[in-house]
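Enquirer: Have a look; sequence and predicted model below, questions after that.
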Amino acid sequence: MGSITLKNVQKSFGGVTVIPDISLEIEDGQFVVFVGPSGCGKSTLLRLIAGLEDVTSGQILIDGVDMSKEAPAQRKLSMVFQSYALYPHMSVRGNIAFPLKMEKAPKEKIDAAVDNAASILNLTDYLDRKPRQLSGGQRQRVAIGRAIVRQPKAFLFDEPLSNLDAALRVNMRLEISDLHNKLKTTMVYVTHDQVEAMTMADKIVVLHAGRVEQYGSPLELYTKPANIFVAGFIGSPKMNFIEGAEAKKFDAHTIGIRPEHLAVSKEGGIWSGTVKVSEHLGSDTFFHIDVDGIGTLTARAAGDVPFKHGETVTLSPQDDRIYKFDASGNAL
């Protein structure tokens, strides 16, 4: 079991409150991602769960037991850091086995646990190598293997892919998702990358200034954002926002339209504008279009749509995909 419950958790450093008040329920076996901009409190919240920081007030329950005052080792959680934190003088086998050696586990148990973790992570052929002989992705797998052998109630990942290049990030995303499917263990994952959040999570916690803006499935956050912050943070490219007279036509202070819900054509649309930049990505093209009285809008089109800088085009939003927000930024 590995359910994690936060009840009115608050954290202050001196006179500065970084987590004002968070209550959250993470079910056993879920893959939950904390996402938000730098400084939103996501890593602090993960460290509070791990016991690496003390809560100022509130409770953290693991499997229904209040562990707020317990040391990290007592919580039976395993944390995987951004920096790998491997011992350079030890082999891969030694690094993975280290937590069990510290617990003075029998050699037979250690060997079996290491072999099992190496098999799951495709590290069997690398067990006798040192970390310097491995790629970044392999080092991260070793760090994950070291967490696996402890058989934790939950895994905590603190931006584990930040040090990898773009191609490795994609591969490791798939590997961590596959690992979750194999182990069926609760995973809490911190990232600032909303693409990672959308592709990996069962549920996403969107954080802003230490507060939970919305908690739900990736599709729920994409289709029913609670406010402008979530709407603008989830989705790539980000949602277009329009205020003023155009928004008032829809009885809203602000309307939002995702680039993929904005059709661009030579004529016949409801808004006319000039192509400022065309970003051709192969399968898709992103057009940044200056529209009089509205500003710059981004439209997503098929990769073979040929409009170029300086051309006049028209735009049409999908009527059923226009999001409406009030003056406070909340969804209507």
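Expert: Cool, got the structure.
Enquirer: what's the domain layout of the protein?
Expert: The chain is divided into the following domains under automatic domain parsing: 4-231, 257-323.
Enquirer: end-to-end on the last one?
Expert: This points to domain 257-323. End-to-end distance for domain 257-323, by CA to CA, to the nearest Å: 6 Å.
Enquirer: all helices of the protein, in order?
Expert: For the chain, applying DSSP state H gives helices covering 42-50, 92-102, 107-120, 136-148, 166-183, 194-200, 218-223, 228-233, 245-248.
Enquirer: Just read off the phi/psi values of Gly310.
Expert: Backbone geometry at Gly310, expressed as degrees, to the nearest 10, gives phi 90, psi -10.
Enquirer: Okay, it and Pro237: tell me how far apart.
Expert: Distance check for Gly310 against Pro237: by CB to CB, to the nearest Å, it reads 21 Å. All C-beta atoms are positioned from the backbone trio N, CA, C, and that covers glycine.
Enquirer: more neighbours, these two?
Expert: Between Gly310 and Pro237, Pro237 has the larger neighbour count (other CB atoms under 10 Å), namely 15 against 8.
Enquirer: on that earlier part again, which stretch among the helices of the chain comes nearest Arg75?
Expert: Arg75 lies closest, by CB to CB, to one member of those: helix 42-50, at 7.0 Å.
Enquirer: show me what contacts the nearest residue to Glu70 once chain neighbours are set aside?
Expert: Distances taken as CB to CB, 6 or more residues apart in numbering place Gly51 nearest to Glu70, at 6.4 Å, with adjacent residues excluded. Taking CB atoms under 8 Å, 6 or more residues apart in numbering, we find Gly51 in contact with 67, 70-72, 74-75, 77.
Enquirer: Can you get me the start-to-end distance on stretch 131-140?
Expert: End-to-end distance for stretch 131-140: 10 Å, by CA to CA.
Enquirer: So what touches that stretch?
Expert: 80, 84, 86-88, 90, 92, 95, 123, 126, 142, 160-161, 163-165, 168, 171-172.
Enquirer: try 7 Å this time
Expert: 84, 86, 88, 126, 142, 160, 163-164, 168, 171-172 (CB atoms under 7 Å, 6 or more residues apart in numbering).
Enquirer: what separates it from the chain centre, distance-wise?
Expert: Offset of stretch 131-140 from its chain centre (CA atoms, centre = their mean, to the nearest Å): 23 Å.
Enquirer: same deal with stretch 239-247?
Expert: Between the mean C-alpha location of stretch 239-247 and the chain-wide mean there is a distance of 28 Å, by CA atoms, centre = their mean.
Enquirer: mind exporting that stretch as PDB, just the C-alpha atoms?
Expert: Extracted C-alpha coordinates of stretch 239-247, given in PDB (Å, rounded to 0.1, in the frame of the first residue of the first chain):
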ATOM      1  CA  MET A 239      -3.700  29.000 -25.200                       C
ATOM      2  CA  ASN A 240      -4.400  32.300 -26.800                       C
ATOM      3  CA  PHE A 241      -6.200  34.800 -24.600                       C
ATOM      4  CA  ILE A 242      -8.400  37.700 -25.800                       C
ATOM      5  CA  GLU A 243      -9.800  40.500 -23.800                       C
ATOM      6  CA  GLY A 244     -11.900  43.600 -24.500                       C
ATOM      7  CA  ALA A 245     -14.700  43.900 -27.100                       C
ATOM      8  CA  GLU A 246     -14.200  40.500 -28.700                       C
ATOM      9  CA  ALA A 247     -14.500  38.800 -25.300                       C
END
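Enquirer: about what we covered before: who wins for proximity to Asn330 among the helices of the chain?
Expert: Among those, the nearest to Asn330 by CB to CB is helix 228-233 (8.0 Å).
Enquirer: Please name every helix or strand in contact with the closest one.
Expert: If you count contacts as 3 or more CB pairs under 7 Å, 6 or more residues apart in numbering; DSSP states H and E, helix 228-233 packs onto strand 203-208, strand 211-216.
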